[in-house]
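> Sequence and predicted structure, then a few things I'm wondering about:
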Amino acid sequence: MGRFHPDVEPHHREIDLDEYDEAYIVGDVHGCPEPLDRLLSTLDVTDDDLVVFVGDLVRKGPDSAAVVERVRESPNMFSVRGNNEEKLLRGEKSLDGLSDDDLAWIESLPVAITVGENLVVHGGVDPREPLSEHTIDDLQNTRSLAPGGSYDPPYWYEEYAGPPRVFFGHTVLEEPVISQWAIGLDTGCVYGGTLSAYDLRTETITSVPALRGGVNRSDEKIVDVAKLG
C-alpha cells in the first residue's frame, strides 16, 4: 500500500524478526496484568523472544500501571499506541498510578510497527485508501467501512486484500480474525473474554481466559466472526 503518511512516518518502528528466536503478536490487554502474565508463561517467553502488542495496554482493567511496567521494563517487548493511550495523552481520560515517566514512555510509542513482512497497528487500514494517506487517527481507529457505523459491517478487514499483512486490535471479537492479509487479536480480555497471541513462527493462536467477570459491554459491540462474510 506504499509509504506512510508524513505524520505517521516519525512514529513508525521497524523490528528485525531475525534477531529473535520466537515472535508473538498479542491482543489488547486493557490493564489486565494477571492474564498477561499467564499468557507469557503459557508461551514460555524468554528474553530471546519478541513480543509485540497491538496497543490499548491501558484503561478499563484493574491495573494499567502494572501492565505498563511489565512492557516498559522488558527490552524484548514493544507496543503500538492505541486509541486508549491517545486518550490519556490528549487529557480526555486519566488514570491513577501512572507516573510522568510512564506517560512519557506511552507518548514515545510508535503508531505502526513493521515486523518482517507484517504491519502492526491498533485499529486497522482502510482498503479504499493508500497507506500513505492514513493518519495517526486512521491507524488507531479504523473499524467499520459503513458510513457512520463503528460496529456496522462491512469491517475493513473483510475488504482488505494486502499486502502487507496487518495485525490489529481495537475491534472486540468473539474469536480471532484470521485471513490471508488481516489478523485480529482483541478477544475481549477486559470484558471477560480471552487474551490472545499469534505465533509468527508457527502461525498459530494461543489464548488464555480472563478468569474474571470483566467490564460490561453490549453484545452489539462484540463481533461474532463466524457470522461475517
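It's in.
> Disregarding residues adjacent in the polypeptide, which is nearest to the residue nearest the centre of the chain?
Geometric centre of the chain, nearest residue: Val54, 1.8 Å, by CA atoms, centre = their mean. Computed as CB to CB, 6 or more residues apart in numbering, the closest residue to Val54 that is not its neighbour in sequence is Gly169, at 3.6 Å. C-beta here means a position set from N, CA and C on the backbone, and glycine is covered the same way.
> ok, now which ones touch the one you found?
27-28, 54-56, 82, 122-123, 184-186 (CB atoms under 8 Å, 6 or more residues apart in numbering).
> Any chance of those residues in JSON lines with secondary structure as columns?
Output for these, formatted as JSON lines (DSSP: H, G, I helix; E, B strand; the rest coil):
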{"residue": "Gly27", "secondary structure": "coil"}
{"residue": "Asp28", "secondary structure": "coil"}
{"residue": "Val54", "secondary structure": "coil"}
{"residue": "Gly55", "secondary structure": "coil"}
{"residue": "Asp56", "secondary structure": "coil"}
{"residue": "Gly82", "secondary structure": "coil"}
{"residue": "His122", "secondary structure": "coil"}
{"residue": "Gly123", "secondary structure": "coil"}
{"residue": "Gly184", "secondary structure": "strand"}
{"residue": "Leu185", "secondary structure": "coil"}
{"residue": "Asp186", "secondary structure": "coil"}
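> so Glu14 bridges to which residues?
Beta-bridge pairing of Glu14 under DSSP bridges involves Thr114.
> Report pLDDT for the residue nearest to the centre of the chain.
If you check Val54, the pLDDT there is 98.
> is it true that it touches Leu173?
No - taking contacts as CB atoms under 8 Å, Val54 lies outside contact range of Leu173: 11.8 Å.
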